[in-house]
Structures are given as C-alpha cells and as structure tokens.
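Q: I'll drop the sequence and a predicted model, then ask my questions.
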Amino acid sequence: IDLSYDVEGDGIPFASWKGRKEAFFEPGEHTVSLQVEDSNGNKSDWFSKTITITNETVYSPVEFEMHYAKPQSFVKLTDAQLRQYFRNSAKMDVSSELLLQRRLLVSDSPETIVEHGTLYRDWVNGDGRLYAYHINGMDEDVQFAIVATNDGPVPVTIETTRQGEVYPSSYVQLIGYQASVDFLVGDVSKPVLTLQPGESVAYAMLPKLKKGQGINLMYDIKTSGRVQFTFAAAKPGASAAEMAANTKELPYNMHVRGTFTMSDIRMTADAGGTKQPVRFTIGDNVDDVYIRGYDVFRQEFVVNYGNFGVMYNIRVHHPGKAAIVLLARGGSYKGPLKVNGELMLAPASGVLTPLDGVFLLHRTAGDEPYIDIEFTPAAGSNLPLDFIFYPLSDGKSD
C-alpha cells in the first residue's frame, strides 16, 4: 500500500517499485521497495519492507489469475499440464435447437473479387438475414452492392430490424470484428424501403472498394412479400437495375455461399455447479455441427463452414462459482460477445491466439441459476472456440 505524501502539497505523480508482485508463490523472505518523485524532480529515499511468505499454498499462479485478474484480460497458460487439463476436462452436454425460421443468404464465394458480375442471388419472403464478406482482388475499384428486386405484381416493403456493416477497410480481422460489434449492439439506421412491382433498388451501397479492401455486412430484415436480393460486384457508376440484370454468375472458390433455413441457434447446457473445469466448443463441426443449405448457382447442397452469419444464444444452467474464459483453439480470433446482456470485446485490442492462454470474460458469484451468452462468429477469424467454466475455490488450492 502506497501511503506517500508531499509535505509541500505538490502531489506525487511518479512511483518506482522493486520486488512488488500481485501475489508471491515462493516461500521465504521478500523485500518490497518504493521510491517516489514529485513534479519538480525531488526523489525520496528508497523505503523497503521485508515480508515473510509461508509454505502454505493458497492459490497456484493460474488459480490466482482466475480469481483476481481483471475481466477481459489474458490468463497465461504457463505449462503443458494445464493445457492437457483443459483438453481432458468434461464437456458439457450441449443440445442445439432451431430458434427462428429466418432465411439466411450468405455471399462469401468468391471471397476475393477478381472480375465484375453477380456474387450470389436468391429471395427472401418474410424474416431473413443477408450476410456478405468480400475483398477486392482487382487492380481497379469495385462497387459492391446488395440490390433488392420486386419481381411480383404488388408493392412490397423491406424493414431492417438489425444491422452490422463496416465501410471498406484493408484490415481483414477488423472488418469482421466491427461488423459483429454493430450487429450485437443492434442499432438500425436504414429506413423502411418500399419496392414497386418490377423495381430494383440498392438496399445496401457502400463506398467503392479499392484493391485489397474488404467489407462485411449483416442485416436482419422482414419483407412483406417475396424480394430477390442480388449481391453484386460492379463497375463504379452502375445502376441498381444494371446490377440486378447482370446474369454473369461469378464462380465458386471454396468459401461459403448459399441459402440456409437456419440462422439462429439456441444452445443449452448444464455446468453442474462447475465442480471441475467444463467446456463447450463453437465451430468444430462435432459438438457444434455446421448448418446445411443450398447454393442456387451450383444447384447443390452446401455446408456453412464456421457457421458465419449465425447468431448463437447460449444458456448455461447451474454455472456455480466460476471464471468464464475463452480459448481461441483454432488460431487467431477477434470478435465481440454478450454475457448476460453486457457487451464484451475479445479482445479490445489485438487478437486472441492459443499461445496467449485464455481470455477472462466474466466471473459468477455462485448463486446464478444460469448465464446467457450471445455470440456470432466474426469474419476473418479462426474457429473453433472453447468456452471454459473454471471453478473458483474459497481460498485453498487442490
């Protein structure tokens, strides 16, 4: 505890410590020293205090971090045994069920645009979600747009109920991260759009993409009738009608493209009071199976690898007293999520990697009946992810 003061009332803006630690894990005598300096450069003598640490273990280094590290910070995994401990911990019994019959249109192939044309096209009638992730690989600018066409005999409306969009950027992971943040926040800026019979209108038209720039868009919509949506890569200046009429279907290139009947998934689990570390996995196609759909361009059934564009609503019953941490098991990851309605950035700066350890999201008090997690996989990041519930003791190590 620093109780230093300045006799002239000048304040002490600078402090230098030696031997100070948040916790000590080696028994014996430890000396902690402090020197302070005022704004005029006057320094105190070093003041030292020697403390004795007994041989009684209260927490291991990792247990201490789980109990006392700041939320939304890293907890380092310092040895292979801990990694093995997490890997062999009991998985939760997770069940998935359809939450909303919302039609999901995904345009992510060709992910890199190398020619003008139509990236994808299909229709929505009622609740829908439009998802697009593309990068300009051409030496010239590209105008990306989502064009809505009313091919029916009566006027139709398009209401946007949720949106996430990011303007063209060269930072791939930032694109998916920011679009996911906006989507989770849930703000809507688009007005209700009315389409007359036969009319084509640019539903989404962002600034043109320069070479190497990308975009990520997510929109939840509700239409009063059938509307055809065209994901277009056009020359700057092309009209909505020209983009809708373009019949050149750009070729598939191993990324996700298609129409999916499932876009929102509810997952429930029981942590059993978290007596030992328990975990569940997102995006591994084993515990969390990828949704299936249909690519109308190729006329074949497809898989949404990574479940991009899917919203997860996860409820974990009986969490007990636990630290909830996130492990980026598949590689680098950067994305937002909500825990009990509170928005969290994982991480706020930089990225998560398996070498960083785990990322501390939240601690439970022990009396909560359940914990809710809301999450969507961020484009440009890698899956799978592990959510781990780590039990918190009352101050005695196992």
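A: Okay, I see it. Numbers count the residues shown, from 1 in each chain.

Q: For the residue nearest in space to the middle of the chain, which non-adjacent residue is closest in space?
A: Nearest residue to the geometric centre of the chain (C-alpha atoms, centre = their mean): residue 335, 2.5 Å. Excluding the flanking residues, the one nearest residue 335 by C-beta to C-beta, 6 or more residues apart in numbering is residue 378, at 3.1 Å. Using the backbone N, CA and C atoms, a C-beta is placed for each residue, glycine as well.

Q: contacting residues for that neighbour?
A: Applying C-beta atoms under 8 Å, 6 or more residues apart in numbering, we find residue 378 in contact with 173, 176-177, 179-180, 333-336.

Q: Beta-bridge partners for the residue nearest to the centre of the chain, please?
A: Beta-bridge pairing for residue 335 (DSSP bridges): residue 346.

Q: just residue 327 next, same as before
A: residue 386.

Q: hang on, it packs against residue 384?
A: No - with contacts counted by C-beta atoms under 8 Å, residue 327 stays clear of residue 384, the gap being 9.1 Å.

Q: who's more crowded, these two?
A: Applying other C-beta atoms under 10 Å to residue 327 and residue 384 shows that residue 327 carries more neighbours, namely 23 against 20.

Q: coming back round to it: could you measure from the residue nearest to residue 335 over to residue 356?
A: 16 Å (C-beta to C-beta, to the nearest Å).

Q: And residue 215, by the same measure?
A: Using C-beta to C-beta, residue 215 is found at 28 Å from residue 356.

Q: More neighbours: which of the two?
A: Neighbours around residue 215 and residue 356, counted as other C-beta under 10 Å, are more numerous at residue 215. The numbers are 23 against 18.

Q: Count residues in the vicinity of residue 145, would you?
A: Close neighbours of residue 145, defined as other C-beta under 10 Å, add up to 21.

Q: What's the first helix or strand after the host helix or strand of it?
A: Assigned by DSSP states H and E, residue 145 belongs to strand 143-149. Per DSSP H and E, strand 143-149 leads on to strand 156-169 as the next helix or strand towards the C-terminus.

Q: angle of that following strand against strand 143-149?
A: Put simply, strand 156-169 runs at 170 degrees to strand 143-149, going by axes from the mean of the first three to the mean of the last three C-alpha atoms, to 10 degrees.

Q: and the very next helix or strand once past strand 156-169, what does it pack onto?
A: Using DSSP H and E, the helix or strand that follows strand 156-169 towards the C-terminus is helix 172-185. Packing contacts for helix 172-185, counted by 3 or more C-beta pairs under 8 Å, 6 or more residues apart in numbering; DSSP states H and E, involve strand 117-136, strand 156-169, strand 214-234, strand 335-339, strand 342-346.

Q: What are the contacting residues of stretch 178-189?
A: Applying C-beta under 8 Å, 6+ apart, the set of residues contacting stretch 178-189 is 160-166, 216-218, 335-338, 343, 345, 374, 376, 378-379.

Q: Low-confidence regions, the protein specifically.
A: 78-92, 95-100, 394-398 (pLDDT under 70).

Q: which residues in it form helices?
A: Here the chain has its helices, by DSSP state H, at 61-68, 80-87, 172-185, 240-245.

Q: As a markdown table, those helices with mean neighbour count and distance to residue 103 would be great.
A: A markdown table is the format used below for the helices of the chain (neighbours: other C-beta atoms under 10 Å; distance: least, C-beta to C-beta, whole Å):
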| stretch | mean neighbour count | distance to residue 103 |
| --- | --- | --- |
| helix 61-68 | 18 | 42 |
| helix 80-87 | 13 | 38 |
| helix 172-185 | 21 | 17 |
| helix 240-245 | 18 | 19 |
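
Q: Distance to residue 282 for the ones you listed - can I get that in a markdown table?
A: Listed next are the helices of the chain as a markdown table, based on distance: least, C-beta to C-beta, whole Å:
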| stretch | distance to residue 282 |
| --- | --- |
| helix 61-68 | 21 |
| helix 80-87 | 15 |
| helix 172-185 | 13 |
| helix 240-245 | 35 |
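
Q: among those helices, which is nearest residue 120?
A: With distances scored as C-beta to C-beta, the stretch of those nearest to residue 120 is helix 240-245 (12.4 Å).

Q: Mind giving me the packing neighbours of the closest one?
A: With contacts taken as 3+ C-beta pairs under 8 Å, 6+ apart, helix 240-245 sits against strand 143-149, strand 200-205, strand 214-234.

Q: Could you list the residues in contact with the strand holding residue 145?
A: Strand 143-149 has contacts (C-beta under 8 Å, 6+ apart) with 113, 130, 132, 134, 158, 193, 195, 199-206, 208-209, 215, 217, 219, 227-238, 240, 243-244.

Q: likewise stretch 280-297?
A: 91-92, 94, 96, 104, 106, 120-122, 249, 252, 257-262, 265, 267, 269, 300-307, 310, 312, 329-330, 375, 377, 383-387.

Q: do the same with stretch 51-71
A: By C-beta under 8 Å, 6+ apart, stretch 51-71 touches 22-32, 75-78, 82, 323, 325, 344, 360-363, 390, 392-393, 395-397.

Q: Report the buried members of those.
A: With burial judged by 16 or more other C-beta atoms under 10 Å, the buried subset of the contacts of stretch 51-71 is 75, 77, 82, 323, 325, 344, 360-363, 390, 392.

Q: Now tabulate these in CSV and tack on distance to residue 16.
A: What follows is the buried ones among the contacts of stretch 51-71, written out as CSV (distance: C-beta to C-beta, whole Å):
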residue, distance to residue 16
75, 27
77, 31
82, 33
323, 32
325, 33
344, 34
360, 29
361, 34
362, 34
363, 32
390, 35
392, 34
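
Q: ok, which pair from those residues is furthest apart?
A: Greatest spacing in these, by C-beta to C-beta: 82 and 344 (23.2 Å).
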